[in-house]
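> prediction below, plus the sequence it came from.
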Amino acid sequence: MCKPKEVSQSADINLGNGSSVIYKKKFIQPHLASENGDIFRQLMSETPFEQKDLVVFAKKVKQPRLVAYYATDIERGSFTYSGLRNIPSHFTPLVEQLKNSVQEYVKEEFDSVLLNYYRDGSDTVGWHADNEKLYGDEPTIASLSFGAARDFILRKNDNNNDKYKFTLGPGDLLVMKGKVQQQWQHTVPRRSPAQSIGPRINLTFRRIVHPESQPMSSKQPRQSPQQPRELPRQPPPQAASPTAQASAPPFLPSATEPVSSPTENLARTSVQLLLDPHEWRQKIEQQEQSMLGEQAALLRQAEAVQQAEQHDQQQQQHQH
DNA sequence: CTTTTTAAGACAG
DNA sequence: CCTGTCTTAAAAA
Ligand SMILES: [Mn+2]
């Protein structure tokens, strides 16, 4: 068994056979991306992380990490996993902005993101490849890290001793492209002492190529209704319809989350990202502001409803 | 029929 | 103590 090749500097790495990796340290400024930075803390508080149940070797266990999933198009992003339908949420302004920054750097567009939360050194992900059909044959997957540093190891399928190790610290960007998901696996191994390894959040941006859901009849360039076979390299549907954003009210009171505590909602977005020279940062702030605006509107709406109810009650009492 | 699925726990060095 | 590797099963596709 050989030790993995350690990659400690930013680099473009050719893994051969059409597989390559881009490693860019500190793509996001560490003071924002680290455990006590504004971005990490905002991700921590705004993200609807869930710990999923899993059956492994006839035992029901909890997945040793928490996950969330966003997509620009909810229908397009939905997929089935372990017999359960996974339905994404909408991007938040912060994550949307991070996506835009990564897109600019990588020169590719993404329309979905898996968010992983490793609480401490005992949270892990085992050897796997992101080879879901959904993302196509040669997906470009961009991983952006926040919080505690964790090791990330790549190993070649046909020679498990061929390994690369990256230590993904706060703000580091790692992009896998080409045939990496066909020819390599990756893992985030456990680390000790578990309790003293801080929390890490990882955003993995992707592009959906083969949605499970049938494209809505509207204006998808005609595609034969039944074609279970692969379509050899369709021209990539230029993604990211901004119309969805405009028309999708992100704060509609959902069935699962009644309007109960508007103050809490306000508190959650009260993080102020102040005085940053960089453009992406300013955009975050603008979006946070507009988010605040929308939430304030929602708050007013909720208050109006409350007052109406109180008014009704008073009228009823009056009648009695 | 075959392949895939995935983490926990034991163990060695 | 730390960490990489091996073994473990039943169900679904
Ligand atoms: Mn992965």
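Good, I have the coordinates.
> if I look at A:Ala240, what pLDDT would I see?
We note a pLDDT of 34 for A:Ala240 in this prediction.
> cool, A:Glu96 as well?
At A:Glu96, the model reports a pLDDT of 96.
> how many neighbours does it have?
Neighbour count of A:Glu96, defined by other CB atoms under 10 Å: 17. Just so you know, the C-beta spots here come from the backbone N, C-alpha and C atoms, and that holds for glycine as well.
> secondary structure class for it?
Counting by DSSP: H, G, I helix; E, B strand; the rest coil, the backbone at A:Glu96 sits in helix.
> quick one, phi psi at whichever residue of chain A sits closest to DNA strand B?
Across chain A, the shortest distance to DNA strand B (CB to the nearest atom of the strand) belongs to A:Gly126, at 3.2 Å. Main-chain dihedrals, A:Gly126, degrees, to the nearest 10: phi -80, psi 180.
> leaving out chain neighbours, which residue sits closest to it?
A:Thr187 (5.8 Å; CB to CB, 6 or more residues apart in numbering).
> contacts only, for the one you found.
Shown in contact with A:Thr187 (CB atoms under 8 Å, 6 or more residues apart in numbering): A:Thr124, A:Val125, A:Gly126, A:Trp127, A:His128, A:Phe152, A:Ile153, A:Arg155.
> the same query, at a cut-off of 7 Å, please.
Residues near A:Thr187 by CB atoms under 7 Å, 6 or more residues apart in numbering: A:Val125, A:Gly126, A:Trp127, A:Ile153.
> can you classify it by secondary structure?
Under three-state DSSP, A:Thr187 falls in the strand class.
> per-residue confidence at A:Asn86?
A:Asn86 carries a pLDDT value of 85.
> how about the contacts made by it?
Applying CB under 7 Å, 6+ apart to A:Asn86 gives the contacts A:Tyr69, A:Ser78, A:Phe79.
> residue of the stretch 101-250 of chain A closest to DNA strand C, please.
Across the stretch 101-250 of chain A, no residue is closer to DNA strand C than A:Ser192, which sits at 3.6 Å (CB to the nearest atom of the strand).
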